[in-house]
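# here is the input, now give the coordinates:
(6 chains)
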Protein chains: 6
Amino acid sequence: MVKVSTKYTRVKEIVKEPFEEIDSKGIKVGVREFVVPVPQKTYYHGAGWFTLKQEKAYDEFSKALEDNATLDSENSYVPLKHQYKGIRVDEHPEYLHDKEWAMATFNGDLVGIKTSDIAMFCYLPTEEDIGCGMEIGYAKALGKYVVLVIPDEEYGEPINLMSFGGADLVLKMSELANFDFNKPEFNFYNGAIY
Amino acid sequence: MVKVSTKYTRVKEIVKEPFEEIDSKGIKVGVREFVVPVPQKTYYHGAGWFTLKQEKAYDEFSKALEDNATLDSENSYVPLKHQYKGIRVDEHPEYLHDKEWAMATFNGDLVGIKTSDIAMFCYLPTEEDIGCGMEIGYAKALGKYVVLVIPDEEYGEPINLMSFGGADLVLKMSELANFDFNKPEFNFYNGAIY
Amino acid sequence: MVKVSTKYTRVKEIVKEPFEEIDSKGIKVGVREFVVPVPQKTYYHGAGWFTLKQEKAYDEFSKALEDNATLDSENSYVPLKHQYKGIRVDEHPEYLHDKEWAMATFNGDLVGIKTSDIAMFCYLPTEEDIGCGMEIGYAKALGKYVVLVIPDEEYGEPINLMSFGGADLVLKMSELANFDFNKPEFNFYNGAIY
Amino acid sequence: MVKVSTKYTRVKEIVKEPFEEIDSKGIKVGVREFVVPVPQKTYYHGAGWFTLKQEKAYDEFSKALEDNATLDSENSYVPLKHQYKGIRVDEHPEYLHDKEWAMATFNGDLVGIKTSDIAMFCYLPTEEDIGCGMEIGYAKALGKYVVLVIPDEEYGEPINLMSFGGADLVLKMSELANFDFNKPEFNFYNGAIY
Amino acid sequence: MVKVSTKYTRVKEIVKEPFEEIDSKGIKVGVREFVVPVPQKTYYHGAGWFTLKQEKAYDEFSKALEDNATLDSENSYVPLKHQYKGIRVDEHPEYLHDKEWAMATFNGDLVGIKTSDIAMFCYLPTEEDIGCGMEIGYAKALGKYVVLVIPDEEYGEPINLMSFGGADLVLKMSELANFDFNKPEFNFYNGAIY
Amino acid sequence: MVKVSTKYTRVKEIVKEPFEEIDSKGIKVGVREFVVPVPQKTYYHGAGWFTLKQEKAYDEFSKALEDNATLDSENSYVPLKHQYKGIRVDEHPEYLHDKEWAMATFNGDLVGIKTSDIAMFCYLPTEEDIGCGMEIGYAKALGKYVVLVIPDEEYGEPINLMSFGGADLVLKMSELANFDFNKPEFNFYNGAIY
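All right, here's what the predicted structure looks like:
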């Protein structure tokens, strides 16, 4: 019996498998031992970045996601990194009316939702973001796993009924880094709903 | 040839159909003339009602919808009229934490979206509502026709990219009463997108 | 003001519309009056027909549906009337293994669900039918309005959790003939769930 | 009993309904008689228009659709009439690379499919059109009723397996004008499949 | 050439990759050899547990799933382990009418279906379970891979037409432990359909 | 710091994890080092094989897919390898009218699309294939990631508007072997659209 001591190990399983190899030098018999790593899920990084409070939560959210051993942050979709041609309209307001930019960036975000295992949202009850709202609804109807993450200090504050119902799981920010996303489950938001 | 003078007639077609009726008195032959009324679509009445500005737009929106001859307002779904057990949480804050109330009201709203021909939204660029956002995304992914209606004085103001992309049609409030919803079409919002 | 006395009238609205007609004899001006009939919804007639109790409920269900003024029974989909080539396997057991028969009849039933406004089920808590179960799940995921109708004498008896959650509306048989399906709403089954 | 002699009548039902009207002159009691017209379905007019043979079939197809009493051609979606800004790229090749034109016209076609009851295709086995192929697949996955109409002289010729499986109903052109689309059903293409 | 002798090996591939590492001690050049394990799919564990026969099949089903090297049982969703708050209504009948319990457990099961690669069912032709029926339909419409597993002694017995059509693959219980779920395929049930 | 020199390495991460094992001989403490391999996506191999040009492109396409380190070709779905009972209708024309063969092969292809991460198409602008068209539409509506791969010599040639809009990403054949499919993104086809 093997006991692995760390809590959030990357080891799913240690396989010991007998093998028999035949090559020009003859037959070799043995046991091959290797590690099967813990599976990782990808996520769509849903969040507003339009106010100071949103920006602060955005950073905490991003860090906790990267720390989570069951998530593959490297291969997850962060909309802010996929603005069409690398152009952010908040920095380049001349693109505010560019339909090609808008459609490509919008379609990119849909690709992000569709190709990710989880639609994950940094959700501020006091500064709800309509962009996240649309993504929650889209992901829900598409059959994605929808997760809201709420900063601890705002957890409990009233959230919109449609976000409540769209969510499959609501976490506190402090729970995010260690939640096991290989074990999806459902819960209700334990806060107010308006 | 029949020319009907009113602009928004409820007459789709006047049928003149020959008929032959047989009853106890013998055979009667004639031409039956009747009116086929203009078809009407049902809609989901999506709107926030949380600020004074939203309430004012809500009323204009409701009135224009009722005035539109191609919409069946009587049989359309207005969420505010479908709060579970007739209870509004803004008036009964003791229900803010009631999961049964929340799930039933949320599921009712989804029924509204699913059973309506059009997901119609009263959309204020300066006071975007996350509930509408969620409904836009849900309706879009479900394949519903998504229409945003923007008060004339706010038309052109920046809207969220996800609302832009979720919309199939964007109208000014002043265009709503007379738009022919039996002729669905696509357009782009001619305003800023952030 | 016009008051219509019958309870379940087929009159939605009486329109009086001014008109102006031009033909070879000159201009005719007048007011055209016509009736706009109540809209009717189509339904998928979901039911088992494998036991005596199911057959009895089937007949009551069919009659109530036909009596309902807001439903178009003539143009609704009854699976038993759409067995491929008119062949019922309970009468022709030689078709029990015929893949072509099975795929065509199955696809026909899916067509019935997809082309109907409502997925309507005759639901017996004491004799739940797996075929209806599958159709409830399919219709739910497709975004159809899912209605269960339960014989009054069985209303309250335990039903499967997945049927409970799949349903948008649960009616007693005695409520079916007069329910207004132009006003879709959500409710919970007020009975036991196992 | 009323027997209506024409085969494709627009009369669904003749309602005789007792009424009681109260106005300033007193109470009036009577029976109101009115016609409920046959319901009509809308369709997405799917067809290629890139070769002479396609153009010829396109015209026959359009005419038969207009002749069908169960279809509402006036309110159905014909892509060729919804090219963005009225511009056809076959006549304005300078738009061949215009992303805004392409996205708007494409999104318009999706609106057409989503808002129509039926996805209807003029299908030439000898000149299959990839645009129709995409629309068949999209409509199928969306849960629309997918109908292929094949010119009589080509009926039986091999069609692609994915079109075969995507179709819910396959008609000959000569059957189109009189098919009752209020009675949707499933059939298999009785021709070759490659 | 490497020949691996075991039939159901966990080794997908043995990679030998040249590398060049630079650290404070200088450059190290070499070949890194490592094992890429066989991918594993997750499943939704669909089954009734309401009769003795169902319980027996449930245990065989669970064991075979755990034995299958291409399935990740540790991270798959077993409804019986996700009853809301750990409460089973068969043991706590006081929850039979609890809407919060019912909605949370139902939503949990939907999460299970949505987050799993495969919707897998322990299917008894002689004791069909309506809960599984609903899940088969829901999973089918959602685009999941639907697999029915039938105890060998019941394989061939008649199953409901809707289960037949909802299934993508039907296996005998004895085939389950060794089926390669990384190679999804379609087959027809080779038994009777009613 | 570890620098890995190869460009398309199969190493995602090298984990060094402290462990503590307890067995009959006592406690062993150490650091376990293991490789986490790069994740791989599965794809649906969409392509025509009906002309010489299609066959040539088919082979280049297949080879590039196999060469791509981020794709799991071994476990991807190739329709040509899943013709029902191993029968190809181009070689066995007696199956051209066999409904069981057609439905099973068609359903198999849908299984391939549904169970794959990516719907990938070998797309020839000069010989567009309607089967691919249907699959593009179906995959798009289902929320799959849709990728078109165009031989370099044909890149830029006009493609059908519905393929343009259905695609999430368009690559040149020469880009296929090295594209990182763990980083899904959106782009527009940079060619003509008709």
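
# might you report the residue contacts of residue A:189?
When contacts are counted by CB atoms under 8 Å, 6 or more residues apart in numbering or on different chains, residue A:189 is found next to A:148, A:159, A:164, A:167, A:170. To be clear about C-beta, it is placed using only N, CA and C from the backbone, and glycine gets the same treatment.

# rerun at 10 Å
The contact partners of residue A:189, by CB atoms under 10 Å, 6 or more residues apart in numbering or on different chains, come to A:123, A:125, A:148, A:150, A:155-156, A:158-159, A:163-165, A:167, A:169-171, B:97, B:99, B:102.

# where does residue A:137 land in three-state SS?
Three-state secondary structure (criterion: DSSP: H, G, I helix; E, B strand; the rest coil) places residue A:137 in helix.

# so what's the residue most central in space within chain A up against?
Centroid-nearest residue in chain A: residue A:43, 3.1 Å away (criterion: CA atoms, centre = their mean). Counting by CB under 10 Å, 6+ apart, residue A:43 makes contact with A:65, A:68, A:71-73, A:75-78, A:112-113, A:116-121, A:144-145, A:147, A:181.

# just the ones of the contacts of residue A:189 in strands?
A:148, A:150, A:169, A:170, A:171 (DSSP state E).

# looks like the fourth one contacts residue A:157 (just checking).
No - the pair formed by residue A:170 and residue A:157 falls short of the contact definition of CB atoms under 10 Å, at 12.0 Å.

# so what sits against both of the two?
A:150, A:191.

# so for the two, which residue has more residues nearby?
Neighbours were counted for residue A:170 and for residue A:157 using other CB atoms under 10 Å in any protein chain shown; residue A:170 has more, 23 against 14.

# okay, and the beta partners of that one?
residue A:148 (DSSP bridges).

# and it, how close does it get to residue A:187?
For residue A:170, the distance to residue A:187 equals 6 Å [CB to CB, to the nearest Å].

# what two of the ones in strands among the contacts of residue A:189 are the furthest from one another?
Greatest spacing in these, by CB to CB: A:150 and A:169 (11.2 Å).

# so which of those two has more stuff around it?
For residue A:150 versus residue A:169, the count of surrounding residues by other CB under 10 Å is larger for residue A:150: 24 against 20.

# thinking again about what came up before, closest one of the ones in strands among the contacts of residue A:189 to residue B:32?
residue A:148 (60.1 Å).

# check what pLDDT the closest one gets.
Listed pLDDT for residue A:148 reads 98.

# strands of chain A, start to end?
Applying DSSP E to chain A gives strands spanning A:11-23, A:26-37, A:43-46, A:118-122, A:145-150, A:169-172.

# who does the fourth one pair up with?
Put plainly, it is strand A:118-122. strand A:43-46 (parallel), strand A:145-150 (parallel).

# list the contacts for the residue nearest to residue A:111 when sequence neighbours are not counted?
Counting by CB to CB, 6 or more residues apart in numbering or on different chains, residue A:111 lies nearest to residue F:186, which is 4.7 Å off, once chain neighbours are set aside. By CB under 10 Å, 6+ apart, the residues touching residue F:186 are A:82, A:84, A:103-112, F:145, F:167-170.

# contact residues of chain A facing chain C?
Taking CB under 10 Å from any CB of the partner chain, the part of chain A that reaches chain C is made up of A:141, A:143.

# show me which residues of chain A are close to chain D?
Residues of chain A lying near chain D (CB under 10 Å from any CB): A:98, A:99, A:100, A:101, A:102, A:103, A:104, A:106, A:107.

# at 8 Å instead, please
The interface of chain A toward chain D, taken as CB under 8 Å from any CB of the partner chain, is made up of A:99, A:100, A:103, A:104.

# do I have it right that the last one meets residue F:188?
Yes - Residue A:104 sits in contact with residue F:188 when judged by CB atoms under 8 Å, with a separation of 6.3 Å.

# next, show the common contact partners of the two.
Here residue A:104 and residue F:188 share the contacting residues residue D:99, scored by CB under 8 Å, 6+ apart.

# got a pLDDT number for residue A:180?
97.

# list phi and psi for the residue lying closest to it once chain neighbours are set aside.
Take residue A:180 and drop its neighbours on the chain: the residue closest to it by CB to CB, 6+ apart is residue A:70, 5.4 Å away. Dihedral angles of residue A:70 (phi, psi; degrees, to the nearest 10) stand at phi -100, psi 10.

# run a quick neighbour tally on residue A:70.
17.

# who's in contact with it?
A:38, A:39, A:40, A:41, A:179, A:180, A:181, A:182.

# go again using 10 Å as the cut-off
A:8, A:10, A:38-41, A:178-183, E:75.

# do the same with residue A:94
Contacts of residue A:94 by CB under 10 Å, 6+ apart are A:87, A:101.

# how about residue A:187?
A:167, A:168, A:169, A:170, A:171, E:84, E:104, E:107, E:108, E:111.

# the second one contacts residue E:115, doesn't it?
Yes - in this structure, residue A:168 is within contact of residue E:115 by CB under 10 Å, at 8.6 Å.

# if I look at the residue lying closest to residue A:106 once chain neighbours are set aside, what pLDDT would I see?
For residue A:106, ignoring the flanking residues on the chain, the nearest one in space by CB to CB, 6+ apart is residue B:165 at 3.3 Å. At residue B:165, the pLDDT value in this model is 98.

# again with the one 10 residues further on
The model reports residue B:175 with a pLDDT of 98.

# how far out from the middle of the chain is stretch A:130-146?
Distance of stretch A:130-146 from the chain centroid (CA atoms, centre = their mean, to the nearest Å) equals 13 Å.
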